[in-house]
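[1] sequence and predicted structure below; questions after.
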Amino acid sequence: MIDLDNLTIKKANEAFKNKEYTPRELTEEYLKVIDKRNGSVNAFREVFTADALKRADEAGDLFAKNKATILTGIPIATKDNILIKGHIAGASSKILENFVAPYDATAIARLREAGAVFLGRTNMDEFAMGSSTENSAYGPTHNPLDETRVPGGSSGGSAAAVAMNGALIGLGTDTGGSVRQPGALCGLVGFKPTYGAISRNGLIAMGSSLDQLGTLTKNVDDSEIIFNAVRGTDKMDSTSFYPDTKYEIPKKLTIGVPRNLLEGLDTEVADNFEESIGRFEDNGFIVKDISLPNLKYALAVYYVIMPAEVSSNLARFDGVRYGVHKEGKDLLEDYINSKTEGFGRETRRRIMLGTYVLSSGYYNAYYNKAVAVKDLIRADYDSAFKDVDLVLTPTTPTAAFLLGEKTSDPLKMYLEDVFTVPANISGNPAISIPSGTVKVGEVELPLGVQLVAPHYQEDLLFNISKNFLGE
Ligand code: GLN
């Protein structure tokens, strides 16, 4: 029996090297758990059993030949919007149902090169729009810690996969919190790097100025290892860049808490957050109040810019080449019928919102204004970082909520992202780390706190998060 609960990349790598078990045996162990739990959790849309075992065998050969890397034989679950050559990438949407990826996403190609094993593709909110994975066209994912609750979203499938021991690593995408929020709700580390740090080539776009690949892992070190393997400039994505400079981590670190954003928090979340502050202080950090005055507009800005980009990115899905196709009496009706059938409610809502804010009569009033406030939000962080090294908030305003609890009220659902969207708007790196559990009704549910750092200072995030978790 392999102790999957406490497994990390480094431990698995040691075990492979010491021949305690083979990459194939590890992959088989995860496949067994998936077999047992996926029926009710619905973390995976598809398990690549044959392919995964083949790659695991190849990983074994690499160890035998002394050609293995730290990632050789490491089993990874990938969100359904990340392209893996030869496999379907459907973004959990009917409109992309049969789309087979013709190439690897750059991040996947880099992990493939390093010898990683791809276990399968995970369920998600359709096109990554949602905070609970209830917007998938293929049914919701359940939180493996309490199956009556949501795992968060939109990368809820990848989070659930890792939380149920169905994969060592989960890959997700984060446009407004979709890695950090499910990380918090499933008791995991959820990490979103600086915008552009990882190539977006081969990710199905949602909001191109906000999207970033991110990781869901059981500890910070695993996120760091994956990040270092996939980051960096890629000629296929002109927004990708990572500097070579190493930033010195200061000896005495100051953490800023924007109190103005924290009013009206649930008591469990507020108490957990205060305890976390105490933990940072006990570990020798200075914690002080800061003001980020424009962050109160972040959610409003996000829900203008994101749908605008969604409406433009999703215009290409017309039901002609793959996915749902519904005949009409002419071409226009073909499009209307196919899009009506192929896109779910939330996706259609956002396309309409986006089309509205971009239309000529409203462009200045909404889109242009949101873009102007985006700059102010970024400037708020820049000025805060003159004074403090990191910004700390809770990751989410609540612990995992019940399935169905927020589906009828989109605004309530959007509020889930209140603490996570600012870092996408400003492009700063951010991480959610587990901060203990709270009792909700009869169950203990995990919460997370979020740290945000200046651009490209991922090392600082990893370092402080490890300190907090005692890694
Ligand atoms: N929950 C947010 C939304 O629905 C964030 C999604 C994401 O990060 N992909 O837009």
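    Cool, the structure landed. Numbering: from 1, shown residues only.
[2] what mean pLDDT does stretch 232-239 get?
    Mean pLDDT, stretch 232-239: 97.
[3] so how far is that stretch from its chain's centroid?
    20 Å (Cα atoms, centre = their mean, to the nearest Å).
[4] report pLDDT for Gly264.
    For Gly264, the pLDDT comes out at 82.
[5] list the residues that contact it.
    Not one residue lies near Gly264 by Cβ atoms under 8 Å, 6 or more residues apart in numbering. Just so you know, the C-beta spots here come from the backbone N, C-alpha and C atoms, and that holds for glycine as well.
[6] check which helices and strands the helix or strand of the chain with the lowest mean pLDDT sits against.
    Within the chain, no helix or strand scores below helix 410-415, which has a mean of 90 by mean pLDDT, DSSP states H and E. Where contact means 3 or more Cβ pairs under 8 Å, 6 or more residues apart in numbering; DSSP states H and E, helix 410-415 is packed against helix 298-313.
[7] burial of His325, as a residue count?
    His325 has 15 neighbouring residues, counting by other Cβ atoms under 10 Å.
[8] could you do Gly177 as well?
    33.
[9] closest residue of the stretch 301-450 of the chain to the ligand?
    Nearest residue of the stretch 301-450 of the chain to the ligand: Asp417, at 4.7 Å (Cβ to the nearest ligand atom).
[10] just to check, that residue is in contact with Gly177?
    Yes - counting by Cβ atoms under 8 Å, Gly177 is a contact partner of Asp417 at 4.6 Å.
[11] overlap in contacts, those two.
    Common contacts of Asp417 and Gly177 (Cβ under 8 Å, 6+ apart): Ser131.
[12] helix or strand: which one has Thr215?
    Taking DSSP states H and E as the criterion, Thr215 maps to strand 212-217.
[13] what sits up against the helix or strand following that strand?
    Sequence-wise, the next helix or strand downstream of strand 212-217 (DSSP H and E) is helix 220-230. Residues outside helix 220-230 that contact it (Cβ under 8 Å, 6+ apart) are 8-10, 70-71, 106-107, 110-111, 114, 168-169, 171, 189, 191, 193, 197-199, 213, 215, 217, 431, 433, 458, 462, 465-466, 469, 471.
[14] okay, and which of these map to helices?
    Among those, the members falling in helices (DSSP state H) are Ile9, Lys10, Thr106, Ala107, Arg110, Leu111, Glu458, Phe462, Ser465, Lys466, Leu469.
[15] mind putting those into CSV with neighbour count, pLDDT and distance to the ligand?
    Listed next are the ones in helices among the contacts of helix 220-230 as CSV, based on neighbours: other Cβ atoms under 10 Å; pLDDT from 0 to 100; distance: Cβ to the nearest ligand atom, whole Å:
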residue, neighbour count, pLDDT, distance to the ligand
Ile9, 23, 98, 25
Lys10, 13, 98, 29
Thr106, 23, 98, 19
Ala107, 25, 98, 16
Arg110, 20, 98, 22
Leu111, 25, 98, 21
Glu458, 24, 97, 18
Phe462, 25, 97, 21
Ser465, 24, 98, 20
Lys466, 16, 97, 25
Leu469, 15, 97, 24
